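[1] Here is my input; please provide its structure:
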Amino acid sequence: MQVVLEKEYPVAAPLEAAWQVLSDVQALATCMPGASITEKVDDTHFKGQVKVKVGPASANFGGDIELKGVDAAAYQIQMLGKGADKGGSSASMDLTASLIVVDATSCKLVGKAEVTVTGKFKSVAQLHAEAAKGALEDAGLKLEDVDGYLCAGDAPGLGPLNMIDYMGIKPRFIDSTDTGGSSYLVHVAHAAQAIAAGHCNIALITLAGRPRSEGSSGLVPRNWGENLPDAPFETPFTSVTVNSYAMAAMRHMHEF
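    Below is the predicted model of the structure:
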């Protein structure tokens, strides 16, 4: 996932004093929570680490920082940072930051950063959007061509409504039928029926999740709630994702 961030921050310090910090990578790192410079390779290359925590996920990124340019006359710097953690996540940031004088005692920091993140810090919504982007590109279509959208319980929010808003889709047909792992096969049939009936022309189906990041191994019994009618019969036998699919496979082999 790549995002562009543009921000302005007030700085309660004179322009020259703020520039002394901004132009010094090692001093600048001390202003960032969880960040530190671990090695100065030369005047424009450094090694460092950043500790971050987003919800239940945390990571310790170690990587390289390049000072691409320093324009003292414009009070502007350009930096490129790339790093990865042992859990398989990686991130990069191409940053341009500059200082603009406000008055004799203050200034403002203006920054623009292109940030690319992979791994466990991607949200489920982002993963759905990436799946949608890839499917549409494979089919030679654009997002504005889509007028039907189908998803199941793995999509965050209230049925398909939140993902429709997130991706900017304007559908004439929606479907959130949820039958567990077979939902998406059902969706294919429902999409074909909707197209045949004239309810939509291009139907998009998305499936995404991050079970490893959220601690789901498929080997732990799920708590479906005490009101599930078959819970008293299933719970004692510790039904989990893996053995449930195994039973479905065995039944299929027996039948066919």
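[2] Apart from its neighbours in sequence, what residue is nearest Thr241?
    Spatial nearest neighbour of Thr241, excluding adjacent residues (Cβ to Cβ, 6 or more residues apart in numbering): Gly218 at 3.9 Å. Every residue, glycine included, has its C-beta placed from N, CA and C.
[3] surely the one you found meets Ser239?
    No - Gly218 is beyond contact range of Ser239, at 11.6 Å (criterion: Cβ atoms under 8 Å).
[4] Which one's more surrounded, these two?
    In this view Gly218 and Ser239 are compared by other Cβ atoms under 10 Å, and Ser239 has more residues nearby, 17 against 13.
[5] From the rest of the structure, what touches stretch 98-107?
    Identification of contacts with stretch 98-107 by Cβ atoms under 8 Å, 6 or more residues apart in numbering yields 10-15, 18-19, 22, 74-77, 108-111.
[6] could you say which helix or strand contains the residue nearest to Thr241?
    Using DSSP states H and E, Gly218 is not contained in any helix or strand.
[7] mind listing what it touches?
    Gly218 sits next to 211, 240-242 when contact means Cβ under 8 Å, 6+ apart.
[8] Out of these, which sit inside helices?
    Members of the contacts of Gly218 lying in helices (criterion: DSSP state H): 241-242.
[9] Which one of the contacts of Gly218 sits in the busiest neighbourhood?
    Each of the contacts of Gly218 was scored by neighbours using other Cβ under 10 Å; the highest score is Thr241's, at 17 neighbours.
[10] That one and Met253, how far apart?
    Applying Cβ to Cβ, to the nearest Å, the value for Thr241 to Met253 is 19 Å.
[11] Phe46 too?
    Distance of Phe46 to Met253, given as Cβ to Cβ: 58 Å.
[12] The two: who's more crowded?
    Phe46 (21 against 8).
[13] What is the burial count for the residue nearest to that one when sequence neighbours are not counted?
    Of all residues not flanking Phe46 in the chain, Ile65 sits nearest, at 4.4 Å (Cβ to Cβ, 6+ apart). By other Cβ under 10 Å, the residues close to Ile65 number 24.
[14] In contact with Ile65: list those residues for me.
    Counting by Cβ under 8 Å, 6+ apart, Ile65 makes contact with 25, 37, 45-48, 79-81.
[15] please redo it, this time with the cut-off set to 7 Å
    Ile65 makes contact with 25, 46, 48, 79, 81 under the criterion Cβ atoms under 7 Å, 6 or more residues apart in numbering.
[16] give me the element it is part of.
    Taking DSSP H and E as the definition, Ile65 sits inside strand 57-71.
[17] avg pLDDT for that strand?
    Average pLDDT, strand 57-71: 85.
[18] and the closest residue to Gly63 other than its chain neighbours, what are its bridge partners?
    Leaving aside its sequence neighbours, Gly63 sits nearest to Gly83 (Cβ to Cβ, 6+ apart; 2.4 Å). Residues in a beta bridge with Gly83, per DSSP bridges, are Gly63, Ala91.
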